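> Give me a 3D structure for the following:
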Amino acid sequence: MQVNIRLQGVEQFQRALAAAGRKIDPVLRGALNTTATKARAERYTTPLRPVLKPKFVRSAMKIKRARRGMMNSRIIPSSSGVPVTRYASWGFDPIDKTRARLWVRGPNGRKVAAGFVNPASVGKQPWRTRGVKRAGTLQPALGPSVAYWFKSLTDQQTITWISDFLQREFEARLQKELAKGAR
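Next up is the predicted model:
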């Protein structure tokens with residue numbers, strides 16, 4: 001999933017900075033990087049706080065920062081499944097005596113996880129459905145990935161918030177740069 005956000009008035013500000021003997025690239029890179037960091041914290045980590053630990057969410061959502069030669073900043077969520085036991089709330093619905101359907105609670109309600117629980121067992125651990133590759137070994141069940149939650153939380157309201165924040169951050173950094181004066 002890719003969403004492009006554009007800044008308005010960059011050419012006009014570039015001329016103003018050029019007149020003051022300054023470059024726009026450091027201002028733009030700083031605004032992009034701050035926006036990506038703030039968006040990850042405010043729009044993704046905070047809503048996922050009741051579901052997954054914030055430290056885990058931050059490590060699963062990498063930020064590729066803008067740098068010289070690459071003028072875009074990106075949030076890249078991990079598409080690997082998250083072990084069900086890492087979720088704050090998970091449960092199961094019994095199907096029969098030895099099988100139950102797993103679910104995890106997310107910010108938008110319950111979501112079925114890939115795996116099963118044996119309700120008759122003592123430990124009631126979530127296990128992954130066995131495949132031919134790993135016959136005979138039990139693996140922990142996986143719930144939806146951080147990328148799934150990222151996609152479900154990215155709506156028009158989030159995009160508008162990020163766009164507005166980027167515009168404000170850029171203008172604030174620009175004013176600070178113009179206040180420094182000519183070199």
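> Look at Ser156 and say how many residues are nearby.
Let me fix one detail, which is that residue 156 is Gln and not Ser. Gln156: 7 surrounding residues under other Cβ atoms under 10 Å. For the C-beta atoms, the positions are set from N, CA and C on the backbone; glycine is no exception.
> same question, Trp149
If you count neighbours by other Cβ under 10 Å, Trp149 ends up with 25.
> now it, what's its secondary structure?
Secondary structure, DSSP: H, G, I helix; E, B strand; the rest coil: Trp149 is helix.
> what sits against it?
Trp149 makes contacts with 44, 48, 51, 77, 106-107, as judged by Cβ atoms under 8 Å, 6 or more residues apart in numbering.
> tell me the pLDDT at it?
pLDDT recorded at Trp149 is 96.
> nearest spatial neighbour of Asn144, skipping sequence neighbours?
Just so we're on the same page, residue 144 is Pro rather than Asn. In space, and not counting its chain neighbours, Pro144 is closest to Lys111: 5.4 Å by Cβ to Cβ, 6 or more residues apart in numbering.
> Quickly find the element holding that neighbour.
For Lys111, the enclosing helix or strand under DSSP states H and E is strand 109-117.
> which strands and helices sit next to the lengthiest helix in the chain?
Counting by DSSP state H, the longest helix found in the chain is helix 156-180. Packing contacts for helix 156-180, counted by 3 or more Cβ pairs under 8 Å, 6 or more residues apart in numbering; DSSP states H and E, involve helix 10-19, helix 25-39.
> where among these is the average confidence lowest?
Ranked by mean pLDDT, the helices and strands packed on helix 156-180 end with helix 10-19 at the bottom, a mean of 68.
> shaky segments in the chain?
By pLDDT under 70, the low-scoring segments of the chain are 1-10, 13-14, 16-22, 131, 133-135, 181-183.
> Could you break it into its assigned domains?
Domain assignment of the chain by automatic domain parsing yields the ranges 10-78+147-180, 83-144.
> sorry, back to before: got the helices and strands packed on helix 156-180 as a markdown table, with distance to Ser89 columns?
Shown next, in a markdown table, are the helices and strands packed on helix 156-180 (distance: least, Cβ to Cβ, whole Å):
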| stretch | distance to Ser89 |
| --- | --- |
| helix 10-19 | 45 |
| helix 25-39 | 25 |
